[in-house]
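next one to model:
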Amino acid sequence: MSKLNNQQRIEIYNRRKAGYSVRSLSLEYGIRVSRINYLVRLLDRHGLGVLRQSHNRTYSVEIKQEIINKVLLEKNLYYLSP
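Next up, the predicted model:
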């Protein structure tokens, strides 16, 4: 099974809506029929906005440390409160 990019996902969706069979799309793109059905249902329900447009965010060491400290501080305050 190959990983699909967003353009391929949109093509599959549009072609399925245009009447292409799920089986033919499955053979053409080398993915399972169930994955195509899932993709079509997902885009019907949530629209094209559900497709990921950006990469994962990366955070600096300082921001990570600040978040960890905040969580630990709130945890301690929770246990210390009456």
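
what residue ranges in this protein score low on pLDDT?
1-2, 76-82 (pLDDT under 70).

Y13: neighbouring residues, count only.
Applying other CB atoms under 10 Å, we find 19 residues neighbouring Y13. Yep, even glycine has a C-beta here, placed from its N, CA and C like the rest.

excluding chain neighbours, what is closest to it?
Spatial nearest neighbour of Y13, excluding adjacent residues (CB to CB, 6 or more residues apart in numbering): L43 at 5.0 Å.

what kind of secondary structure is G19 in?
Secondary structure state of G19, per DSSP: H, G, I helix; E, B strand; the rest coil, is coil.

any idea which residue is closest to the centre of the protein?
The centre of the chain sits closest to R52, judged by CA atoms, centre = their mean, with a distance of 5.7 Å.

so that one sits against N6, correct?
Yes - checked against CB atoms under 8 Å, the pair R52 and N6 is within contact range at 7.2 Å.

show me where this structure has helices.
The residue ranges that make up the helices of the chain, judged by DSSP state H, are 6-17, 22-29, 33-46, 61-80.

show me which residues of the third one are buried.
Applying a neighbour-count criterion of 16 or more other CB atoms under 10 Å, the buried positions in helix 33-46 are 35-36, 39-40, 43.

leaving out chain neighbours, which residue sits closest to V40?
Take V40 and drop its neighbours on the chain: the residue closest to it by CB to CB, 6+ apart is R16, 5.3 Å away.

what's the separation between the one you found and I68?
The span separating R16 from I68 equals 45 Å under the rule CB to CB, to the nearest Å.

please apply the same query to I31.
Distance of I31 to I68, given as CB to CB: 39 Å.

got the contact list for stretch 3-17?
Stretch 3-17 is touched from outside by 22, 25, 29, 31, 36, 39-40, 43, 48, 51-53, with contacts defined as CB atoms under 8 Å, 6 or more residues apart in numbering.
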